[in-house]
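J.: No letters, just coordinates:
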């Protein structure tokens, strides 16, 4: 049994980047179920099919801002929207991310810069934009405000032909530790932790597996899912809701002494 | 007892129907965890040696006490037979019992002190994980459960004057990973994880502070180990254990969960 629906986040405001799908959407849904008000950002236009149908389902406690996490101007727009609608922010999930695979010798500088701009600049800009508002809002709630930066097990261990993704997620890990120390030493009521998912059934993973299938690595994506499941001690891949439950723990008061830490949710992958 | 530590709100009964074992449950983090697990609806059995403290905790929480020393290998069979006999299952085990009695620096520690600390903190944890996994493997619906080992931030931040404690807390992390991988190899759904708390303001620590020559300075030194400038409350660690014990953490296994107020996030000494 989970504590889904405990309303432990009632009165809190959360922002999730990359909130329209995958782990981001699971976080949005979980926060709403716990009574929070949620702002989500993503690349789609608000009137696009993907955004409109999801937003209609999420209801009045959720709102949407179209934004690219790599853009300073877009973050200013997000800050203005959050400030106008809520005037506060307690939870920030820097979730938006992309992947990049291939041999290092043929990785383009353009591709490298693109993944760094989204996976690393995006986390930095999101954090920088909201620190002042979160400092003020964090003082109101037990355990303070909480920043959750979505890294990966690829931020902890290397993998062949994943150098750009590895580098970007490793950067998120240490960026998070540094800001955690900074906030703690200055007695700012903001905690910061990194999340390290293993293999999770998300659109990003499915798209990546499809590229491997296109290259002839496997017949179909399900073969790759089964192969990854067999290599995971728990014997399966994760559902996004299982990452959202960890993000919910980090967002709430129960994790009040947790800052600068890594939550590894990987079914035992990195323990082997 | 709900919220007795003043630390959680809107707690729901997320552990209802689950049976839990907590070793070293009569004081400190163990007692706080007994309280928290009970408040979330679990049936809790805890072990230790202090009968008076145990009686008070049982009266306050409804938990059940069994006098047992984790290092007593022969007595483990009886303890598990008692739990399975009375409750028919085991879902949660918190390997918490620990000591620093007899510890010292590498130059000064005696073999008895070393054996005592390693016996409780490492061998005792091994026996706890072993017997918990054997019991969970027999659960009626199949091999499911959550085993949580209480390590310490000192696993990664060794103390010069507590060599055996530091070694034992580091060693149990390898034990957790080996057990998690084994569980996977056997296709069990038994999860094994470690929690690594920073300095927690337990009665033991408060006693150490008060008995020191300069309690104000000693307290400040403990508080200063965390960049947050304070020690953890017992309830803060219990909240982490309860989360790992619940179905919220179903994809977590073989991991280290650090809760130390950023004590190990930075460069030690800075």
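T.: Arrived safely. Predicted, not measured: the structure shown is a model, and the values here were computed from it.
J.: Identify the residue of the stretch 51-200 of chain A closest to chain B, quick one.
T.: residue A:184 (3.7 Å; C-beta to the nearest C-beta). For every residue, glycine as well, the C-beta is placed using N, CA and C.
J.: got the contact list for the closest residue to residue A:200 other than its chain neighbours?
T.: Nearest non-adjacent residue to residue A:200, counting by C-beta to C-beta, 6 or more residues apart in numbering or on different chains: residue A:238, 4.4 Å away. Applying C-beta atoms under 8 Å, 6 or more residues apart in numbering or on different chains, one finds that residue A:238 lies in contact with A:197-201, A:265-267, B:251.
J.: Likewise for residue B:258?
T.: A:258, A:260-262, B:153, B:195-196, B:264.
J.: Now stretch B:79-97: average pLDDT?
T.: The pLDDT scores in stretch B:79-97 average 98.
J.: what's the domain layout of chain A?
T.: A:13-200+A:240-265, A:201-237 (automatic domain parsing).
J.: element containing residue B:46?
T.: Using DSSP states H and E, residue B:46 maps to strand B:43-48.
J.: any idea how far chain B is from residue A:218?
T.: Counting by C-beta to the nearest C-beta, to the nearest Å, the separation of residue A:218 from chain B is 22 Å.
J.: list the helices and strands the helix or strand of chain B with the lowest mean pLDDT packs on?
T.: Least confident helix or strand of chain B, by mean pLDDT, DSSP states H and E, is helix B:203-211 with a mean of 92. Judged by 3 or more C-beta pairs under 8 Å, 6 or more residues apart in numbering or on different chains; DSSP states H and E, helix B:203-211 is in contact with helix B:215-224.
J.: Helix or strand next in line after the helix it packs on, which one?
T.: By DSSP H and E, the next helix or strand past helix B:215-224 is helix B:234-245.
J.: how far does that following helix sit from the chain's center?
T.: Distance of helix B:234-245 from the chain centroid (C-alpha atoms, centre = their mean, to the nearest Å) equals 10 Å.
J.: and the contacts of residue A:238, which of them are in strands?
T.: A:197, A:265 (DSSP state E).
J.: buried subset of the contacts of residue A:238?
T.: A:197-200, A:265-267, B:251 (16 or more other C-beta atoms under 10 Å in any protein chain shown).
J.: Next, format those as CSV and append distance to residue B:42 and pLDDT.
T.: What follows is the buried ones among the contacts of residue A:238, written out as CSV (distance: C-beta to C-beta, whole Å; pLDDT from 0 to 100):
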residue, distance to residue B:42, pLDDT
A:197, 28, 98
A:198, 28, 96
A:199, 31, 95
A:200, 28, 96
A:265, 22, 97
A:266, 26, 97
A:267, 24, 97
B:251, 21, 97
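J.: Can you add distance to residue B:215 and give those residues back as JSON lines?
T.: What follows is the buried ones among the contacts of residue A:238, written out as JSON lines (distance: C-beta to C-beta, whole Å):
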{"residue": "A:197", "distance to residue B:215": "44"}
{"residue": "A:198", "distance to residue B:215": "46"}
{"residue": "A:199", "distance to residue B:215": "51"}
{"residue": "A:200", "distance to residue B:215": "49"}
{"residue": "A:265", "distance to residue B:215": "41"}
{"residue": "A:266", "distance to residue B:215": "43"}
{"residue": "A:267", "distance to residue B:215": "46"}
{"residue": "B:251", "distance to residue B:215": "44"}
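J.: Now do the contacts for the closest residue to residue B:208 other than its chain neighbours.
T.: Among residues not flanking residue B:208 along the chain, residue B:218 sits closest, at 7.3 Å (C-beta to C-beta, 6+ apart). The contact partners of residue B:218, taken as C-beta under 8 Å, 6+ apart, are B:208-209, B:212.
J.: from the residues you listed, which is closest to chain A?
T.: For the contacts of residue B:218, the nearest to chain A is residue B:209 (18.4 Å; C-beta to the nearest C-beta).
J.: Would you quantify the distance from the closest one to residue B:218?
T.: Separation of residue B:209 from residue B:218 (C-beta to C-beta, to the nearest Å): 5 Å.
J.: quick one, phi psi at the residue of the stretch 51-200 of chain A closest to chain B?
T.: phi -60, psi -50 (degrees, to the nearest 10).
J.: same check, this time on residue B:158
T.: phi -60, psi 150.
J.: sorry, back to before: and the strand holding residue B:46, what does it pack against?
T.: Short answer (3+ C-beta pairs under 8 Å, 6+ apart): strand B:43-48 packs on strand B:19-22, helix B:28-39, helix B:51-61, strand B:64-67, helix B:73-87.
J.: Apply 6 Å and report the result again.
T.: With contacts taken as 3 or more C-beta pairs under 6 Å, 6 or more residues apart in numbering or on different chains; DSSP states H and E, strand B:43-48 sits against strand B:19-22, helix B:28-39, strand B:64-67.
J.: Quick check: which of these is buried the most?
T.: The highest mean neighbour count among the helices and strands packed on strand B:43-48, using mean count of other C-beta atoms under 10 Å in any protein chain shown, belongs to strand B:19-22: a mean of 28.
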